[in-house]
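Asks: okay, here's the prediction I keep looking at, along with the sequence it came from:
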Amino acid sequence: MSVDTSAPAQKIVVKNPVVDLDGDEMTRIIWQRIKDKLILPYLDIDIKYYDLGMENRDKTDDKVTLEAAEAIKKYKVGIKCATITPDAARVKEFGLKQKWKSPNGTIRNALNGTVFREPIFIDNVPRLIPAWKKPIIIARHAFGDQYKSTDFEVDGPGRYEVTFTPEGASAPSMRKTVFDFAGPGVGLGMFNTRESITAFAHACFKMALDRKLPLYLGTKSTVISTYDAYWDKIFMQLYESEYRTEFERAGIWYEHRLVDDMVAQLVKMEGGLVLALGNMLGDIISDLVAQGCGSLALMSSVLVAKGSRPGEFVYESEAAHGTVTRHFRQHQQGKPTSTNPIASIYAWTRGLIHRAQLDGTPELEKFAQNLEAACIQAVISGVMTKDLAISIHGSNAPADSYVTTDEYIAEVSRRLAKLQTVN
Ligand SMILES: NC(=O)C1=CN([C@@H]2O[C@H](COP(=O)(O)OP(=O)(O)OC[C@H]3O[C@@H](n4cnc5c(N)ncnc54)[C@H](OP(=O)(O)O)[C@@H]3O)[C@@H](O)[C@H]2O)C=CC1
Ligand SMILES: O=C(O)CCC(=O)C(=O)O
Ligand SMILES: [Mn+2]
């Protein structure tokens, strides 16, 4: 391990462990650099390491993912690198025993929480949607729906039915025909629970109050008139019974909007909202917002879930983007890459901020804030990766308008060292 010699001899003691979930491809390379250059030189930290790289998930029959989720519940702070979710091509590429499920899906379903995604604004990075000036927080319900569905192929004509059998009953109390297939096709069955949607709604109302931003819920409740309408009903009941007075006092409001209208509104707005969405809409719209703010790598993402004791919360922070395979292929060929590490660095800073707040260690919180400031100052000073240079100069950004991944991290490291001596 190479340690940055500009770092202070006196390290900040992190009182309790954090869970480090390592990942794949380009983000795995970046992850190691972040630890070597930006974290370990400054922190005396007990890292509980779980290798969620594709090879180790296969080797452990994916048990490592479940163990990592349990460790997050135990230590309350998990920091996750992006991971491959295998498709058929990956099964072949890695010679996998099976097409393992998404580790994100497994962990999010185990923790059952809300993912809050907020783009990182940098003054000299123009937004594709220039009207956006105020915070845009996407609250993504990280439990159930399409990501925990049962899907299947049918190979010929036949009836696809769903039944519900109450616990203890010997026969179904409900049977519905989903579709009469005239030929081959596909089907999908999904669910959510009142408990999880209610917890999601509380998390959204609390975030809106915390940030003093109005809350919008986007669903397609007109068309999906039982499933989506269930969210609408729960949010509205909670708003009326528990939150309206506090919202009005804070000068904010709650509204349900159809999601197609909501997306159009979002593009016209200045921002300044918390937007609550189901699992899949939250996934898609958070990437749209990230790219609209300059890059997929300018998005912070933290999962907040209830802990095992009342009033206790657990956190998992991550980048919202994937393992950046196209850049990794360059790296494998020995070519330099210009991959943006900001979202991966923010996975560490946001995780450390939660650790600091849980432990009452302001010096750790200040360190994490300095690391974020170092990332932003580097870009403002003109040192940035290619994705950001493209957002400033267009697709023909000149070669001297951006640096490599390693050069950018070195610049962040220099700036962090300076900020840590000043503060
Ligand atoms: N959180 C997670 O763990 C996630 C994991 N995945 C997994 O990641 C793998 C790759 O998925 P893919 O669809 O390529 O999505 P990625 O988000 O990894 O990358 C898509 C494209 O977005 C741009 N991009 C993304 N991140 C960065 C960055 N940090 N710096 C610069 N450019 C960036 C690149 O564009 P360009 O090539 O134009 O430069 C890149 O090719 C898959 O195996 C998928 O399963 C996907 C999403 C989330
Ligand atoms: O887990 C995956 O495969 C994708 C995750 C993802 O796209 C996200 O977290 O936004
Ligand atoms: Mn996504």
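Replies: That came in fine, so what should we check first? These numbers were taken from a predicted model, which means no experiment stands behind them. Ligands and ions are numbered 1, 2, ... in the order given.

Asks: any idea of the mean pLDDT for the helix or strand harbouring Ile79?
Replies: Using DSSP states H and E, Ile79 sits within strand 77-80. Average pLDDT, strand 77-80: 98.

Asks: quick one, what contacts the residue of the chain positioned farthest from its centre?
Replies: Here the chain reaches farthest from its C-alpha mean at Ser170, the gap being 41.8 Å by Cα atoms, centre = their mean. With contact set as Cβ atoms under 8 Å, 6 or more residues apart in numbering, Ser170 has no partners. Yep, even glycine has a C-beta here, placed from its N, CA and C like the rest.

Asks: any figure for the gap between it and Glu161?
Replies: 18 Å (Cβ to Cβ, to the nearest Å).

Asks: need the contact list for the closest residue to Asp44 other than its chain neighbours.
Replies: Leaving out its chain neighbours, the residue that sits closest to Asp44 by Cβ to Cβ, 6 or more residues apart in numbering is Lys11, at 4.2 Å. With contact set as Cβ under 8 Å, 6+ apart, Lys11 has these partners: 41-44.

Asks: check whether the strand holding Ile79 contacts ligand 1.
Replies: No. Using Cβ under 6 Å from any ligand atom, we find that strand 77-80 stays clear of ligand 1, coming within 7.3 Å at best.

Asks: who does that strand pair with, and is each partner parallel or antiparallel?
Replies: Using DSSP bridges, strand 77-80 pairs in its sheet with strand 18-22 (parallel), strand 313-319 (parallel).

Asks: what are the contacting residues of it?
Replies: 16, 18-21, 23, 52, 68, 71-72, 104, 107, 314-318, 347-348, 351-352, 354-355, 358.

Asks: now do 6 Å
Replies: With contact meaning Cβ atoms under 6 Å, 6 or more residues apart in numbering, strand 77-80 is reached by 18-21, 72, 315-318, 347-348, 351, 354-355.

Asks: list just the nearest of those to ligand 2.
Replies: Of all those, ligand 2 sits closest to Glu318, with 7.1 Å by Cβ to the nearest ligand atom.

Asks: beta partners of the closest one?
Replies: Lys80, Ser301.

Asks: residues contacting it?
Replies: With contacts defined as Cβ under 6 Å, 6+ apart, Glu318 is in contact with 80, 301, 347.

Asks: among the contacts of Lys11, which ones lie close to ligand 2?
Replies: Of the contacts of Lys11, not one also sits near ligand 2 (Cβ under 6 Å from any ligand atom).

Asks: disregarding residues adjacent in the polypeptide, which is nearest to whichever residue of the stretch 251-400 of the chain sits closest to ligand 2?
Replies: Residue nearest to ligand 2 within the stretch 251-400 of the chain (Cβ to the nearest ligand atom): Asp283, separated by 4.6 Å. For Asp283, ignoring the flanking residues on the chain, the nearest one in space by Cβ to Cβ, 6+ apart is Arg140 at 6.5 Å.

Asks: ramachandran coordinates for the one you found?
Replies: Backbone torsions of Arg140, given as degrees, to the nearest 10, read phi -110, psi 120.

Asks: does it touch Met280 like I think?
Replies: No. Counting by Cβ atoms under 6 Å, Arg140 does not reach Met280; the two are 8.9 Å apart.

Asks: surely Leu275 is within a strand?
Replies: Yes. Leu275: assigned to a strand according to DSSP: H, G, I helix; E, B strand; the rest coil.

Asks: near it, how many other residues are there?
Replies: Counted with other Cβ atoms under 10 Å, the neighbours of Leu275 add up to 30.

Asks: thinking again about what came up before, so for Arg140 and Met280, which residue has more residues nearby?
Replies: Each of Arg140 and Met280 has its neighbours counted (other Cβ under 10 Å); Arg140 has more, 27 against 15.

Asks: got the contact list for the more buried one?
Replies: Contacts for Arg140 were tallied using Cβ under 6 Å, 6+ apart; they are 115, 277, 282.

Asks: and the gap between it and ligand 1?
Replies: Per Cβ to the nearest ligand atom, to the nearest Å, Arg140 is found 12 Å from ligand 1.

Asks: again with Met236
Replies: Met236 is 32 Å from ligand 1, by Cβ to the nearest ligand atom.

Asks: where exactly do the helices run in the stretch 101-250 of the chain?
Replies: For the stretch 101-250 of the chain, applying DSSP state H, counting those that start in this stretch gives helices covering 103-111, 194-211, 227-238, 244-250.

Asks: let me have those in JSON lines, extended by mean pLDDT and mean neighbour count.
Replies: Listed next are the helices of the stretch 101-250 of the chain as JSON lines, based on pLDDT from 0 to 100; neighbours: other Cβ atoms under 10 Å:
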{"stretch": "helix 103-111", "mean pLDDT": "93", "mean neighbour count": "22"}
{"stretch": "helix 194-211", "mean pLDDT": "95", "mean neighbour count": "19"}
{"stretch": "helix 227-238", "mean pLDDT": "97", "mean neighbour count": "18"}
{"stretch": "helix 244-250", "mean pLDDT": "97", "mean neighbour count": "13"}
